[in-house]
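Novice: Just a sequence and a predicted model for now, questions to come.
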Amino acid sequence: MNLLDLLFAGSRQASYQRAMANTRSRGITETDADAHRRIARELEPERGGFPFGTIGRDASPVRLPDETALASSLVIGASGSGKTRFILNLMQRAIERSLLSSADPLPVELELVDPKQETFDLLSQYIVALWLAADGATRERIASAVRVIDWSRDAVTPVAPFDNSAGEVSNTYLAYLRTDVAIQAGAHSYSGALRQAFFMFACVLVERRFPPNYRFAMRFLDDETYRRRILEGVADADVRAFFEEAKHSLPKQTRDALLRRIQSDMSFPEVRLSVGIPPPDLDRLLPRRATPIVLGNYGSSMTLPLAKGKERASYRLIDVLLSAPRRDPRRRGLLVIDESPMLLSEENELTAALMEGARTLRSAGMGVLFAAQDFANALPSQIVRTLMLNTRWWAVFQSREEAEWIYPHIARSPSDTSDADRHREFVRTVQNLRRQHFYLYVKGHSALPLRAPDVGDPAVRSAAELRAVFRREIASRSTIAARTAVDLIAKWEAEVVDGVSVPPAPLPSKARSPRGIDQLMKDLGLGK
Ligand SMILES: Nc1ncnc2c1ncn2[C@@H]1O[C@H](COP(=O)(O)OP(=O)(O)OP(=O)(O)O)[C@@H](O)[C@H]1O
Ligand SMILES: [Mg+2]
């Protein structure tokens, strides 16, 4: 018995009995059962792999080979049908194998983007349960493998959306990407002029390595002498010209609207503290360490507008995509996007790159798992089609429209029923699937009716205690206290906004030759 089994052993016996009863009540004929067993055997790797669930009366386990399990995929199903638990099973096994297993090790990089917080919360409880059960050296291995992206009023993960020190793309393109997703994430409408001003201002921040800051924006826009001094450190002639000619290029109405947007963004402490720390301070505070597991909570809880969580998740996804083509393909990667339609509903730069990335990142050893209650109605049909084409397998839990996606792929045993009847019955079956039951369709194979592996809650401590230990022992390595952030921001304002001397412009990034949009699109297979 491994650690996972020990932690979650409680409900196993009961659920096995339930599974037997469920399978019996579905009345599968022997011929169907035989076909399913054959398909399951075709899918199965020689050894190891990932457990995807059980099949048939005897609940025999079905496993997928690593490269299939971690390939791009869709996980679909109504609320409460079992998507989150299914994803947790997959991530838990990956974490266990990458951090703890000597019998079946698998180096893996995992990134969770959770716009709803629940998957993040359950996975952090699981990780801390592993941590509690481990010895000292293993605890260190676990804690140093995990980076947490989270924000609250007490502690934040600092991020520097306008810092281009990684040099993956040009300064201008980074500013463009950030502006594009920030505008789309927000609920406000933007005039063409405001969009332009927002973009140009982002260019200044990137070039100067400045954090977004309301007081800086105000002085920069109001004080011409100050503005000229700041612009001396901006290399891009177009950006300089735009602000040097501010009288014409930036009418008062646009200037006011820009300031209002910045002010309203920065009025949320979680936002101000996490994006407001000057990038050079961040280099010092939290050395950029590469961690194999990144857990991002983009749920906006009760204190933040939804748009802010969406914006932050989109920023992070952009960073993941930008660095993906340079990753080591021998180390498998999985990017999990729960509630993915929240981030994909618009046709923007990010959506295009993500959908195409689902296919092309395979050569970088990376898959993208998109989860949703409903793809067919939540997303434009063009996006749905691309997702269907570019993914390797689909897990369809209780759902309506998506039953039609699976029907062409079910095993057909000889029977007296007409095609139309069979079709109707199948759709009804998928609409009424019990929680934890799903159809698994792996391209190239017929679909299988499975019951997902049991994933209970760690029973070692209460959820509240687990959360507290997680914050203290694991999350604290990637977050900083709100007080520290407040002090750093105040110091920066005193020097740069109120001070007489403006720091010299940063040296051009010497990391790599930055890629422009063309190169990025090429890397992601969107080549022109
Ligand atoms: N594999 C499983 N093992 C144990 N319990 C499960 C499993 N799948 C589902 N459940 C039970 O069903 C509930 C709902 O499952 P889950 O949260 O995974 O649904 P979901 O599809 O993610 O729903 P939502 O769309 O609302 O997020 C769980 O809280 C749990 O009680
Ligand atoms: Mg869920």
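Specialist: Nice, I can see it. Ligands and ions are numbered 1, 2, ... in the order given.

Novice: In the stretch 351-500 of the chain, which residue sits nearest ligand 2?
Specialist: Nearest residue of the stretch 351-500 of the chain to ligand 2 (Cβ to the ion) works out as residue 371 at 7.2 Å. Just so you know, the C-beta spots here come from the backbone N, C-alpha and C atoms, and that holds for glycine as well.

Novice: hang on, that residue in a strand?
Specialist: Yes - the assignment for residue 371 is a strand, going by DSSP: H, G, I helix; E, B strand; the rest coil.

Novice: my guess is it contacts residue 339, does it?
Specialist: Yes - contact criterion Cβ atoms under 8 Å: residue 371 and residue 339 qualify, at 6.8 Å.

Novice: Count the residues that sit near residue 48.
Specialist: Per other Cβ atoms under 10 Å, the neighbour tally for residue 48 reads 14.

Novice: need the contact list for it.
Specialist: By Cβ atoms under 8 Å, 6 or more residues apart in numbering, the contact set of residue 48 is 63, 65, 66, 104, 106.

Novice: export the helix or strand where residue 242 lies as PDB, just CAs?
Specialist: Element membership for residue 242, per DSSP states H and E: helix 237-244. Extracted C-alpha coordinates of helix 237-244, given in PDB (Å, rounded to 0.1, in the frame of the first residue of the first chain):
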ATOM      1  CA  ALA A 237      11.200  56.300 -30.200                       C
ATOM      2  CA  ASP A 238       7.500  55.800 -30.900                       C
ATOM      3  CA  VAL A 239       6.700  55.600 -27.200                       C
ATOM      4  CA  ARG A 240       8.800  58.700 -26.500                       C
ATOM      5  CA  ALA A 241       7.100  60.600 -29.300                       C
ATOM      6  CA  PHE A 242       3.700  59.600 -28.000                       C
ATOM      7  CA  PHE A 243       4.200  61.100 -24.600                       C
ATOM      8  CA  GLU A 244       6.400  64.000 -25.700                       C
END
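
Novice: Can you point out the buried residues in that helix?
Specialist: 239, 240, 242, 243 (16 or more other Cβ atoms under 10 Å).

Novice: residue contacts, the closest residue to the first one other than its chain neighbours?
Specialist: So that's residue 239. Distances taken as Cβ to Cβ, 6 or more residues apart in numbering place residue 203 nearest to residue 239, at 4.5 Å, with adjacent residues excluded. When the contact criterion is Cβ under 8 Å, 6+ apart, the partners of residue 203 are 171, 172, 175, 234, 236, 239.

Novice: got it, and residue 193?
Specialist: With contacts defined as Cβ under 8 Å, 6+ apart, the neighbours of residue 193 are 251, 254.

Novice: How about this protein: which residue is closest to ligand 2?
Specialist: residue 84 (3.2 Å).

Novice: does that residue sit in a helix, a strand or a coil?
Specialist: Per three-state DSSP, residue 84 ends up helix.

Novice: now residue 311, what's its secondary structure?
Specialist: At residue 311, secondary structure determined by three-state DSSP is helix.

Novice: Repeat that for residue 394.
Specialist: Quick answer, by three-state DSSP: residue 394 is strand.

Novice: related to what we said a few turns ago, nearest to ligand 1, of the contacts of residue 203?
Specialist: Set against ligand 1, the nearest of the contacts of residue 203 by Cβ to the nearest ligand atom is residue 175 (35.0 Å).

Novice: Quick check: closest non-adjacent residue to that closest one.
Specialist: Spatial nearest neighbour of residue 175, chain neighbours left out: residue 202 (3.8 Å); criterion: Cβ to Cβ, 6+ apart.

Novice: Provide a list of residues in contact with the one you found.
Specialist: 162, 175, 176, 178, 179.

Novice: Sitting in strands, which of the residues you listed do you find?
Specialist: Residues of those located in strands (DSSP state E): none.

Novice: how about CSV for the residues you listed, with distance to ligand 2 added?
Specialist: Formatted as CSV, the contacts of residue 202 follow (distance: Cβ to the ion, whole Å):
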residue, distance to ligand 2
162, 32
175, 34
176, 33
178, 29
179, 31
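
Novice: Farthest pair within the residues you listed?
Specialist: Spatially, the most separated pair among those is 162 and 176, at 11.6 Å (Cβ to Cβ).

Novice: ok, these two, which is more surrounded?
Specialist: Comparing residue 162 with residue 176 by other Cβ under 10 Å, the one with more neighbours is residue 162, at 25 against 18.

Novice: Excluding chain neighbours, what is closest to the more buried one?
Specialist: Once flanking residues are discounted, residue 162 sits nearest to residue 205: 4.0 Å by Cβ to Cβ, 6+ apart.

Novice: Many thanks, have a good one.
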